[in-house]
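Colleague: For reference, the sequence and a predicted model appear below.
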Amino acid sequence: MDTTTILIACGIGIIAGWLASLVMRGGSSGLLRNLVIGLLGGIVGHLLIPKTGIVLPAGYPGAILSAFAGAVVLLLIFKLLAK
């Protein structure tokens, strides 16, 4: 993986984590936490979205939507485990 790919993945992760934290908590969780949630959410979304039969647009919009969906799932799991 080259540097550009890593930076793009980080950018997508930050955007997806930020959007998910806004939806789930009502505010941003900070840059580092948004990055981690978004990157892990990207992995979860990449694994879960195809199993649902949902077709996302290609390119960056699809990657952001997939990472966002995965990040929301992760945040839901974290909320359930925190109780």
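Modeller: Here it is on my side, so go on. Please read these numbers as outputs of a predicted model, since none were measured by experiment.

Colleague: Which strand or helix spans the closest residue to Cys10 other than its chain neighbours?
Modeller: Leaving aside its sequence neighbours, Cys10 sits nearest to Leu35 (CB to CB, 6 or more residues apart in numbering; 6.1 Å). C-beta: built from backbone N, CA, C; applies to glycine. Assigned by DSSP states H and E, Leu35 belongs to helix 31-52.

Colleague: list the contacts for the residue nearest to Cys10?
Modeller: With contacts defined as CB atoms under 8 Å, 6 or more residues apart in numbering, Leu35 is in contact with 10, 13-14, 17.

Colleague: again, only using 6 Å
Modeller: By CB atoms under 6 Å, 6 or more residues apart in numbering, the contact set of Leu35 is 13-14, 17.

Colleague: Could you give me the ChimeraX syntax to select whichever of the residues you listed are buried?
Modeller: Command for ChimeraX that selects the buried part of the contacts of Leu35, burial taken from 16 or more other CB atoms under 10 Å:
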select :13,14,17
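
Colleague: Distance to Ile43, secondary structure and pLDDT for the contacts of Leu35 - can I get that in a markdown table?
Modeller: Formatted as a markdown table, these follow (distance: CB to CB, whole Å; DSSP: H, G, I helix; E, B strand; the rest coil; pLDDT from 0 to 100):
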| residue | distance to Ile43 | secondary structure | pLDDT |
| --- | --- | --- | --- |
| Gly13 | 10 | helix | 85 |
| Ile14 | 15 | helix | 86 |
| Gly17 | 12 | helix | 84 |
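
Colleague: burial of Gly11, as a residue count?
Modeller: If you count neighbours by other CB atoms under 10 Å, Gly11 ends up with 15.

Colleague: Please apply the same query to Lys79.
Modeller: Neighbours around Lys79, by other CB under 10 Å: 11.

Colleague: does the closest residue in space to it that isn't next to it in sequence count as helix, strand or coil?
Modeller: With sequence-adjacent residues excluded and distances taken as CB to CB, 6+ apart, Lys79 is closest to Met24, at 7.4 Å. Taken by DSSP: H, G, I helix; E, B strand; the rest coil, the conformation at Met24 corresponds to helix.
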